[in-house]
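J.: Got a sequence here, can you model it:
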Amino acid sequence: MKKLLFRPRKKPSANIAMGARSIGHYILKKNESGGEVKPFGQVYWGIKGRGVHTIKGVEQVMEENHIAVYYPGMLQNYRALDKEWEYRFCTFDGPIVKEIFETSGVLPGVYHCGVSPDSIFKQLEEIIQNYSFVIEKRCSSLAYELITHCHEKNMVNQKNELIDSVLIYIGESWYDKNLSVNDMALKFKIHRTTLSRKFQAVMKMTPNEYILKLRMQNAEIMLKQSYQTISQIAQLCGFDDPNYFSRIFSQKIGLSPKAFRQNG
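T.: Below is the predicted model of the structure:
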């Protein structure tokens, strides 16, 4: 079973930032496959059975209640694993589709995202083939609603996995003076604003606050348990300027590094 419905216009209207290009509902048989570079964004939503998506060279299994996300220009490569693999999908086009996906925290890959929002898909099926600007705007609104749904479910199901990885990375790199939110955003392929928001939602502090907290904790240990100079400890804790280190330490701990060491 393959049901695929297209918007009458080949391209969205000029003032539509992200349009719903097509809507589909497929059931593939085992080993049915597809693979090509597509110029639009696409979200697949698993309903029953399993299939595999190869995204950026990595095979990822999409099961029931999982989504697979592709940005415009990506190679979409997939294959049914089970006797039947059922999924819904929506394709998105417009001038800033990738930016909307990114800022919504909807990233390329396969994720658990809960039950398919069939009401959104069915509304799109009912109206997407009608030709009018009012309908096109309504389809665009439903497309945004679908992306928002992905984002909200993904926040619930993925935030701990992402933040656990970020915490491990910070734990391994807290002393690096070049460690920054931008650095982590690049490593984990996520927008820096989205990373900061997700991190703060879980940890109740910003990434920079957490890095500084680790640096201060380690500085306290070094001041109490080593004979290294304050300048050396500043360097080991990611500070080029020992005076700046001393000022920040005093603000956070309530004592200068020298006074803290003497009182220890």
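J.: element containing residue 149?
T.: Following DSSP states H and E, one finds residue 149 within helix 133-173.
J.: actually residue 44, not the one I typed
T.: When elements are assigned from DSSP H and E, residue 44 belongs to strand 41-48.
J.: Could I get the buried residue list for that strand?
T.: Using 16 or more other CB atoms under 10 Å as the burial criterion, the residues of strand 41-48 that qualify are 41-47. (C-beta placed from N, C-alpha, C; glycine too.)
J.: pLDDT of it, averaged?
T.: Per-residue pLDDT over strand 41-48 has a mean of 97.
J.: Compute the inter-axis angle for that strand and helix 133-173.
T.: Taking axes from the mean of the first three to the mean of the last three CA atoms, to 10 degrees, one finds strand 41-48 and helix 133-173 inclined to each other by 80 degrees.
J.: Tell me the strands beside strand 41-48, with direction?
T.: strand 66-70 (antiparallel), strand 84-93 (antiparallel) (DSSP bridges).
J.: Just give me how far the helix or strand just after the shortest one sits from the chain centre.
T.: Helices and strands here follow DSSP H and E; after strand 66-70, the next one along the chain is strand 75-80. Taking CA atoms, centre = their mean, to the nearest Å, the mean C-alpha location of strand 75-80 is offset from the chain mean by 21 Å.
J.: Which elements pack onto strand 75-80?
T.: With contacts defined as 3 or more CB pairs under 8 Å, 6 or more residues apart in numbering; DSSP states H and E, strand 75-80 has these neighbours: strand 33-37, strand 51-55.
J.: Go again with 10 Å.
T.: With contacts taken as 3 or more CB pairs under 10 Å, 6 or more residues apart in numbering; DSSP states H and E, strand 75-80 sits against strand 19-29, strand 33-37, strand 41-48, strand 51-55, strand 58-62, strand 66-70, strand 84-93.
J.: Can I get these in JSON lines including distance to residue 172?
T.: Converted to JSON lines, those look like this (distance: least, CB to CB, whole Å):
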{"stretch": "strand 19-29", "distance to residue 172": "42"}
{"stretch": "strand 33-37", "distance to residue 172": "36"}
{"stretch": "strand 41-48", "distance to residue 172": "33"}
{"stretch": "strand 51-55", "distance to residue 172": "26"}
{"stretch": "strand 58-62", "distance to residue 172": "23"}
{"stretch": "strand 66-70", "distance to residue 172": "28"}
{"stretch": "strand 84-93", "distance to residue 172": "37"}
